[in-house]
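Peer 1: sequence first, predicted coordinates after that:
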Amino acid sequence: MRYFIDLILFGCIYIIIYTKFWKDKKEEEILKYTIMYLYIVSVLFVTLIPIDFTLDPKWKYHPSVKVTYIHIKPFNDLIMGYSGAKKQIILNIMMTIPFGFLYSCIKKKVSFLKVIFMTFVLSLTIELLQLLTTIFLLYHRSSDVTDLITNVIGGAIGYIIYKVLYKR
């Protein structure tokens, strides 16, 4: 029930996109675009949703908690030996492998650099949205340059997988 409104919203967005842009496309293209849409929605659910609007606006972190919104030193968590750092890196890479693959599948003759750029744009958008939800909604997320790097690596791997499979 917690995600009901989000699912309705994304369903309505899909219907609008379908009726405006995809209606006249071949079934195979519609399937590819639909899979990409579902992938993007899934990524948003993992990285941004739900946004908890029920938090008390007066809520603040305990003074002893150091809150950092932007982490600009690459792989700092790994260097510092924080638990979960390796897992986070692997999950960020895995999260964008489908993007590199699906984007290549949709665009067919796309270059490696274009996939890298589009993966970077997707990752940067997510990181900025996480920062904005933290600043304006007091819903703690952080933006991390490591995420940008690992997401781009994932997109590159997805592109390579597509190229290997496409040749077969």
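Peer 2: Cool, got the structure.

Peer 1: state the mean pLDDT of the helix ranked longest in the chain.
Peer 2: Ranked by residue count and defined by DSSP state H, the top helix of the chain is helix 112-137. The average pLDDT within helix 112-137 is 89.

Peer 1: buried ones in it?
Peer 2: For helix 112-137, burial by neighbour count (16 or more other Cβ atoms under 10 Å) applies to 115-116, 118-120, 122-123, 126-127, 129-131, 133-134. (C-beta placed from N, C-alpha, C; glycine too.)

Peer 1: can you check stretch 86-94 too?
Peer 2: For stretch 86-94, burial by neighbour count (16+ other Cβ under 10 Å) applies to 88-89, 92-93.

Peer 1: low pLDDT regions in the chain?
Peer 2: Residues of the chain meeting the criterion pLDDT under 70: 1-2, 50-69, 135-141.

Peer 1: once you drop chain neighbours, what's closest to the residue nearest the centre of the chain?
Peer 2: In the chain, the residue lying closest to the centroid (Cα atoms, centre = their mean) is V43, at 4.5 Å. Distance criterion Cβ to Cβ, 6 or more residues apart in numbering; nearest residue to V43, sequence neighbours excluded, is M95 at 6.3 Å.

Peer 1: is it true that that neighbour touches I153?
Peer 2: No - with contact defined as Cβ atoms under 8 Å, M95 does not reach I153; the gap is 10.8 Å.

Peer 1: in TSV: the buried residues of stretch 86-94, plus secondary structure and distance to F4.
Peer 2: As requested, these are exported to TSV (DSSP: H, G, I helix; E, B strand; the rest coil; distance: Cβ to Cβ, whole Å):
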residue	secondary structure	distance to F4
Q88	helix	29
I89	helix	33
N92	helix	28
I93	helix	31
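
Peer 1: nearest to I49 among these?
Peer 2: Nearest to I49 among the buried residues of stretch 86-94, counting by Cβ to Cβ, is N92 at 17.4 Å.

Peer 1: now the strands: where do they sit in the chain?
Peer 2: Along the chain, the stretches classed as strands by DSSP state E are 70-71, 143-144.
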